[in-house]
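[1] Have a look at this prediction, sequence included:
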Amino acid sequence: MNVIAIANQKGGCGKTTTAVNLAAACAETGRSVLLVDLDPQGHASLALGLDTAMLGRSMRDALMRPAVSMSEIILPVMEGCDIAPSNITLASVEQELAGEPERESRLAIALRELPKEYDFVLIDCAPSLGFLTINALVAADEAIVPVESSSFSLHGLERFLDTVDMVERNMAKQITVRALATLFNPRTRYGRRVYEELTEQFGDRLFATSIRCSVVVKEAAARGVPVGAVRRNSTVHDDYLALAAELTESVPVITLDEHPPEDEGQPGPMVRGGVVRFRLYAPEASTVQVAGEFNDWNPIEGRMEADVDAGLWVLDVDLPPGRYRYRFVVDGAWIEDPAMPYEESAAGYRNSVVEVSAAKSAE
Ligand SMILES: Nc1ncnc2c1ncn2[C@@H]1O[C@H](COP(=O)(O)OP(=O)(O)OP(=O)(O)O)[C@@H](O)[C@H]1O
Ligand SMILES: [Mg+2]
């Protein structure tokens, strides 16, 4: 069981969106997940369709009353995913437990006796570094720190990392911290610059997956469902599936530092000066396009140029470091890149995967 706190004291950086949709993506790909709502705002509970004013038992009871077990609190919300909900009654727990011994370990103790073994426990934290977030960190093996890429500030992150250090020292434990770029717009120069700064700051402690902005997020939250239930082929749904895969490292990823496997003489993509050159050998085709996460899967934006004699179609795309899924469209038919590994989408499409490493793109 992997316990992951999704935390950042900065408000509105995508903690709840990540907790809810990562939980759904993990469940969709066959893992069992418990989502713990540890925010008195109850946003994660609301985002999964619960009426927080009508809750029976909630996380308040788990923290305040050791006799109440988690099995009395947990509710099933979708196949593979349960929630331990919260509401505003959680807000006073810090004061009510003032002076109590081990009050920072209340959540860790509650999680010791779960009714079943989950693959992941994801904890949606409140925007503060107070008692509740400390409880989450004490219980956690890992922390995901969403960083809003559209209004960027590293200030708060240092304070957050200091808090993690403090918990590690006091509890004699280790917490793996990784940053996640959220509300990311790869098509703006500003968005790309922020991503580069994050890469410099966090190095391999930054998820290769970043979560792009999408209107589907608000629509899903308003309807009380995860993004995949609103639109299965949305970019943000794909991003959370990629994040789930990265979290479990179960999807093979090829980096352009390695030589792509060649198949039937197909060349595969290559990097030149920070630009990815997509290539497909298709001498019979009259149009070839590339559509992927970098152009919103829009083939019109990915028209490739043909070298008519050699039959090779190419397109150069300026891509920031990251992991991208794509497909070719040959005379209107969608195919995977025969030279590259693919992963199958929930809808059964084979999407080729290419990863641009930070070192390469900085060339
Ligand atoms: N990828 C996205 N695309 C578009 N909007 C998003 C995305 N992620 C988050 N948002 C929006 O940004 C706002 C803040 O997101 P969210 O509630 O997940 O942040 P939070 O960190 O949990 O906030 P808080 O600190 O209040 O708990 C919400 O209105 C949400 O709909
Ligand atoms: Mg939130």
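    Sure, I can see it. Ligands and ions are numbered 1, 2, ... in the order given.
[2] For ligand 2, what's its nearest residue on this protein.
    Among all residues of the chain, Thr16 sits closest to ligand 2, at 3.2 Å; criterion: Cβ to the ion. Bear in mind the C-beta positions are built from the backbone N, C-alpha and C, glycine included.
[3] Pretty sure that residue sits against His43.
    Yes - under the criterion of Cβ atoms under 8 Å, Thr16 lies in contact with His43, with a separation of 4.4 Å.
[4] Please say which of those two ends up with more neighbours.
    It is Thr16, of Thr16 and His43, that has more neighbours when counted by other Cβ atoms under 10 Å, with 26 against 20.
[5] Mind listing the strands the lengthiest strand in the chain pairs with, and their directions?
    Among the segments of the chain that qualify as a strand by DSSP state E, the longest is strand 322-330. On the basis of DSSP bridges, the sheet neighbours of strand 322-330 come out as strand 288-292 (antiparallel), strand 333-335 (antiparallel), strand 350-356 (antiparallel).
[6] Just after the first one, pick out the following helix or strand.
    Yep, that's strand 288-292 we're talking about. Using DSSP states H and E, the helix or strand that directly follows strand 288-292 along the chain is strand 305-307.
[7] Show the average pLDDT along that following strand.
    The pLDDT scores in strand 305-307 average 85.
[8] Repeat that for stretch 246-265.
    Across stretch 246-265, the average pLDDT comes to 49.
[9] And stretch 148-167, by the same measure?
    Stretch 148-167 carries an average pLDDT of 83.
[10] how about it, does it reach ligand 1?
    No - shown here: stretch 148-167 not in contact with ligand 1 (Cβ under 6 Å from any ligand atom), separated by at least 7.9 Å.
[11] May I see the buried residues of that stretch?
    148-149, 156-157, 160, 163-164, 167 (16 or more other Cβ atoms under 10 Å).
[12] Just the ones of these in helices?
    When DSSP state H is applied, the buried residues of stretch 148-167 are split such that 156-157, 160, 163-164, 167 fall in helices.
[13] Tell me the one among those nearest to Thr176.
    Taking Cβ to Cβ as the measure, Val164 is the one of those closest to Thr176, at 9.8 Å.
[14] list the contacts for that closest one?
    Shown in contact with Val164 (Cβ atoms under 8 Å, 6 or more residues apart in numbering): 137, 143, 175, 177.
[15] can you check Ala23 too?
    Contact partners of Ala23, counting by Cβ under 8 Å, 6+ apart, are 33, 35, 81, 120, 122, 226.
[16] so the second one, which of the three states?
    Read it as Leu35. Local secondary structure at Leu35 is given as strand here, using DSSP: H, G, I helix; E, B strand; the rest coil.
[17] Any idea what it is bridged to?
    Counting by DSSP bridges, Leu35 is bridged to Ile83, Leu122.
[18] Neighbours of it, how many?
    Once other Cβ under 10 Å is used to define contacts, Leu35 is seen to have 31 neighbours.
[19] Then the first one?
    For Val33, the tally of surrounding residues (other Cβ under 10 Å) stands at 26.
[20] Run through the residues that contact it.
    Listed by Cβ under 8 Å, 6+ apart, the contact set of Val33 reads 23, 26-27, 80-82, 118-122.
[21] now swap in the third one and tell me
    Counting by Cβ under 8 Å, 6+ apart, Cys81 touches 23-24, 26-27, 32-35.
[22] Got phi/psi on the residue nearest in space to the middle of the chain?
    Centrality entry for the chain: nearest residue to the mean C-alpha point is Leu243, 3.9 Å, by Cα atoms, centre = their mean. Its backbone dihedrals place Leu243 at phi -60, psi -40, with angles given as degrees, to the nearest 10.
[23] host element of the residue nearest to Pro66 when sequence neighbours are not counted?
    If the residues on either side of it in the chain are set aside, Pro66 comes closest to Ile109, at 7.1 Å by Cβ to Cβ, 6 or more residues apart in numbering. The secondary structure element spanning Ile109 is helix 106-111 (assigned by DSSP H and E).
[24] list the buried ones in that helix?
    Along helix 106-111, these residues count as buried under the neighbour rule (16+ other Cβ under 10 Å): 106-108, 110-111.
[25] Let's have those in CSV, adding distance to ligand 1 and pLDDT.
    Formatted as CSV, the entries for the buried residues of helix 106-111 read as follows, by distance: Cβ to the nearest ligand atom, whole Å; pLDDT from 0 to 100:
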residue, distance to ligand 1, pLDDT
Arg106, 20, 96
Leu107, 17, 97
Ala108, 22, 96
Ala110, 21, 96
Leu111, 21, 96
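[26] okay if I get those residues as a markdown table plus distance to Thr188?
    Output for the buried residues of helix 106-111, formatted as a markdown table (distance: Cβ to Cβ, whole Å):
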| residue | distance to Thr188 |
| --- | --- |
| Arg106 | 43 |
| Leu107 | 38 |
| Ala108 | 41 |
| Ala110 | 43 |
| Leu111 | 40 |
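[27] Closest to Ser345 out of those?
    Minimum separation from Ser345 among the buried residues of helix 106-111 (Cβ to Cβ) is found for Leu111, which lies at 32.8 Å.
[28] ok, that closest one touching Met70?
    Yes - the criterion here is Cβ under 8 Å, and Leu111 meets it with Met70 at 7.1 Å.
[29] hey, where'd the helices end up in the stretch 101-250 of the chain?
    Listed in chain order, the helices of the stretch 101-250 of the chain (DSSP state H, counting those that start in this stretch) span 106-111, 131-139, 155-171, 189-202, 216-223, 227-230, 235-248.
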